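Novice: what's the 3D shape of this:
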Amino acid sequence: MKKAIMLALSSLALTASLTGAAFAQAVEKPDLVLGVGGKSLLYYLPLTLTERLGYFKEEGLNVTITDFGGGAKALQSLIGGSADVVTGAYEHTIRMQAKGQEIAAVLELGRFPGIVLGVRKDKAASVKSFKDLKGFKIGVTAPGSSTNFFVNALVAREGLKADDVAIIGVGTGLSAVAAMKKGDIDAMSNLDPVMTKLEQDGDIVVLADSRTEEGNMKLFGGNNPAAVVYLKRDFIQKYPVTTQRIVNAFYKSLKWLAKATPEDVAKAVPEEYWLGDKSLYLASVKASAPMYSKTGIIPPAGMKNALDMLLQFDPELRDAKVDLTRTFDGRFADKAAEAK
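Specialist: Presented below is the predicted three-dimensional model:
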């Protein structure tokens with residue numbers, strides 16, 4: 001009995017020692033600026049949850065979030081040095097590599113884009129396929145953002161060029177809703193809760209929906225990574241402990257979200273995210289639930305789908321040598337899973 005007790009105490013001491021060693025690693029850069037384009041969108045729900053549930057603080061991080069009108073502007077903040085880390089579209093890591101900028105995703109937040117393309121109801125009868133969008137004014141969160149890429153890829157399939165449609169930045173939230181309701185645009189590529197509201201209000205007819213597995217199989221043939229956490233590669237190399245803590249915090253949110261109900265989510269986010277209608281927000285969360293990553297890891301097939309989508313409309317990429325293995329660094333997600 002005495003021997004068993006001594007062995008148990010020895011095991012506890014070893015565990016405590018290992019745990020202490022892990023947490024003894026100092027966070028090299030605890031104060032961070034994080035850029036995002038449309039924080040209230042469900043596309044970026046894991047970010048809001050990480051902030052609101054206190055996971056950044058649990059990991060010893062003090063994160064200041066800067067919210068931009070779209071993902072392209074968040075990317076610019078990283079390239080320009082005003083942000084340390086971004087939650088944005090995976091496609092940006094591919095496009096930046098082609099431009100000689102080493103940007104890498106370290107965690108997948110969304111396995112599907114969650115983007116919906118809807119046509120204004122009074123125009124819907126004339127649109128039988130994507131080629132019928134020629135000449136349309138199409139609202140996106142911001143030019144150069146993933147919602148813009150989505151439109152470009154879909155119209156390219158029907159032989160149209162990117163400039164065959166007029167892309168107009170309408171932002172996120174109520175500004176996007178207002179643009180459609182006022183008739184400023186003919187169609188919109190945007191995210192929830194914006195698109196669910198317009199659909200429920202009868203303002204649009206959905207032409208393409210990437211929120212579900214079925215929708216993504218139809219559009220892309222499978223997984224197409226969406227929102228990710230990405231950083232400059234030199235940041236990852238210089239601040240590996242900080243990078244791990246960032247990934248740990250977001251990974252906790254993915255695990256929380258996997259078990260949460262729409263009501264749980266509504267309670268966790270600011271009420272202004274509801275767009276004045278809680279039932280609408282609950283419906284939006286339910287519609288978008290399938291799109292969130294289960295593991296935080298981007299599968300190779302998903303990377304290829306994302307590249308293939310960009311190749312349909314981006315001439316710069318056709319001549320570029322893109323090493324997809326350098327667009328995602330899964331080491332930190334693996335360690336976060338082990339710790340969990």
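
Novice: C-alpha only now, for contacts and for neighbours.
Specialist: Will do.

Novice: Centroid-nearest residue for the chain?
Specialist: Nearest residue to the geometric centre of the chain (C-alpha atoms, centre = their mean): residue 227, 1.6 Å.

Novice: Give the bridge partners for it, please.
Specialist: As for beta bridges, residue 227 partners with residue 89 under DSSP bridges.

Novice: ok, now which ones touch it?
Specialist: Contact analysis of residue 227 by C-alpha atoms under 8 Å, 6 or more residues apart in numbering lists 43, 44, 87, 88, 89, 90, 108, 109, 110, 111, 113.

Novice: In strands, which of those fall?
Specialist: Applying DSSP state E to the contacts of residue 227, the entries found in strands are 87, 88, 89, 108.

Novice: Not counting sequence-adjacent ones, nearest residue to the second one?
Specialist: The spatially closest residue to residue 88, leaving aside those adjacent along the chain, is residue 227, at 5.1 Å (C-alpha to C-alpha, 6 or more residues apart in numbering).

Novice: Show me the protein divided up by domain.
Specialist: 29-112+224-339, 116-220 (automatic domain parsing).

Novice: and these as TSV, adding mean pLDDT?
Specialist: As requested, the domains of the chain are exported to TSV (pLDDT from 0 to 100):
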stretch	mean pLDDT
domain 29-112+224-339	95
domain 116-220	94
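
Novice: Could I get the buried residue list for stretch 196-207?
Specialist: For stretch 196-207, the neighbour count (16 or more other C-alpha atoms under 10 Å) marks 196, 197, 198, 203, 204, 205, 206, 207 as buried.

Novice: Buried residues, stretch 155-173. List them.
Specialist: Across stretch 155-173, burial judged by 16+ other C-alpha under 10 Å covers 155-156, 160-162, 164-165, 167-173.

Novice: quick one: contacts of it?
Specialist: Residues from elsewhere that reach stretch 155-173, judged by C-alpha under 8 Å, 6+ apart: 38, 40-41, 69-70, 129-131, 133-143, 148, 152, 176, 179, 185, 190, 193-194, 275, 312-313.

Novice: Centre of the chain to that stretch, how far?
Specialist: Chain-centre distance of stretch 155-173: 20 Å, with C-alpha atoms, centre = their mean, to the nearest Å.

Novice: can you give me the strands for this protein?
Specialist: Here the chain has its strands, by DSSP E, at 31-37, 62-68, 85-89, 103-108, 116-120, 137-140, 166-169, 187-190, 204-209, 227-232.

Novice: If you tally nearby residues, what's the number for residue 284?
Specialist: Using other C-alpha atoms under 10 Å, residue 284 has 21 neighbouring residues.

Novice: which residues touch the nearest residue to it once chain neighbours are set aside?
Specialist: Leaving aside its chain neighbours, residue 284 sits nearest to residue 193 (5.3 Å; criterion: C-alpha to C-alpha, 6+ apart). For residue 193, the contact set (C-alpha under 8 Å, 6+ apart) comprises 41, 42, 173, 274, 275, 280, 281, 284, 285.

Novice: and the two most separated of the residues you listed?
Specialist: Farthest pair in the contacts of residue 193 (C-alpha to C-alpha) is 173 and 285. Separation: 14.7 Å.

Novice: just to revisit the earlier point, closest to residue 258 among the contacts of residue 193?
Specialist: For the contacts of residue 193, the residue nearest residue 258 by C-alpha to C-alpha is residue 285; the value is 12.2 Å.

Novice: Touching, the closest one and residue 42? I think so.
Specialist: Yes - contact criterion C-alpha atoms under 8 Å: residue 285 and residue 42 qualify, at 7.2 Å.

Novice: Mutual contacts of these two, please.
Specialist: 192, 193.

Novice: Which one's more surrounded, the two?
Specialist: Just comparing residue 285 and residue 42: by other C-alpha under 10 Å the higher neighbour count belongs to residue 42, 24 against 21.
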